[in-house]
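Peer 1: Next come a sequence and a model predicted from it.
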Amino acid sequence: MERRKEISVLLCHLAFFCLSTSASTLVSANGVSEVLALMGIKSLLVDPHGVLENWDEASPDPCSWTMVTCSSDGLVVGLGAPSQDLSGTLAPTIGNLTNIQLCRLLQNNNLSGDIPSEIGNLSKLQTLDPSNNSFSGQIPGTLSHLKSLQYLMLTNNSLSGEIPASLANLTQLNLIDLSFNNLSGHVPILPAKMFNIEGNPYICTNGAEKVGCADMDTGLFPSSSKAN
């Protein structure tokens, strides 16, 4: 009987060791992936004030880097470097930060080029705010994959084309601000409680004679409005 107890205790310790090792390996693998993703982002940015200076691929812990927020288990869940005069483009490697929930790395800077479609991989993202930059091109349709997204602020950029109708699938949205871009065409019915499309001169509005608006329906949202 005593022998059986000893074997049971030994098996419990062995199981706990295996689980701990597996968890540690998983966190370590995530850490390496996150370091590579962050270094990819840094490589395409011009950083005149050196705010990203301690982003170093030799560092095993991105949680010690400036502008990076981590969870209690050491996963990168937030980026924030607003108003730092950063310029350059946003690297597609941002799509590998799959645990991120808050992204204000980009706000009030001088970034340009397309918003990478890989952002659609960030299934846990709740806030995306690349406002007040010079992003161009179209709004990526992959943003419709962000089922946890609550706040989307794309205001004051140079985005063009139509607003993707697929954004209507983002049922958790509280706010979407697309104001002051070069967007055109019809405005889809969006689930956000509040949204703003002011300052887009090519957006279809009731009675407007604009390219692509000939068949527009009546009753579209005005250029700045609040959903019921």
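Peer 2: That came in fine, so what should we check first?
Peer 1: alpha carbons only for contacts and neighbour counts from here, please
Peer 2: OK.
Peer 1: first to last residue in stretch 89-109, what's the distance?
Peer 2: Start-to-end span of stretch 89-109 (C-alpha to C-alpha, to the nearest Å) is 11 Å.
Peer 1: mean confidence score for that stretch?
Peer 2: For stretch 89-109, mean pLDDT is 92.
Peer 1: Relative to the whole chain's centre, how far out is it?
Peer 2: 5 Å (C-alpha atoms, centre = their mean, to the nearest Å).
Peer 1: Ramachandran coordinates for residue 189?
Peer 2: phi -80, psi 120 (degrees, to the nearest 10).
Peer 1: isn't it right next to residue 168, touching?
Peer 2: Yes: assessed by C-alpha atoms under 8 Å, residue 189 is found in contact with residue 168 at 6.5 Å.
Peer 1: Name the helix or strand of this protein that has the lowest mean pLDDT.
Peer 2: strand 224-226 (a mean of 39; mean pLDDT, DSSP states H and E).
Peer 1: What is the neighbour count of residue 85?
Peer 2: Look at residue 85: counted by other C-alpha atoms under 10 Å, it has 18 neighbours.
Peer 1: tell me the contacts of it?
Peer 2: 47-49, 108-110 (C-alpha atoms under 8 Å, 6 or more residues apart in numbering).
Peer 1: contacting residues around stretch 93-105?
Peer 2: 33-34, 36-38, 40-41, 67, 75-82, 118-130.
Peer 1: Just the buried ones from these?
Peer 2: Neighbour counting by 16 or more other C-alpha atoms under 10 Å classes 33-34, 36-38, 40-41, 67, 75-82, 118-130 among those as buried.
Peer 1: Go through those and flag which are in strands.
Peer 2: 76-80, 127-128 (DSSP state E).
Peer 1: mind listing the helices for the protein?
Peer 2: For the chain, helices defined by DSSP state H occupy the ranges 2-43.
Peer 1: Low-confidence stretches in it?
Peer 2: Across the chain, the ranges flagged by pLDDT under 70 are 1-31, 205-228.
Peer 1: Give me the most central residue, it.
Peer 2: residue 128 (4.5 Å; C-alpha atoms, centre = their mean).
Peer 1: Dig out what it forms beta bridges with.
Peer 2: residue 103, residue 152 (DSSP bridges).
Peer 1: wait, doesn't it sit right on residue 151?
Peer 2: Yes: under the criterion of C-alpha under 8 Å, residue 128 makes contact with residue 151 at 6.3 Å.
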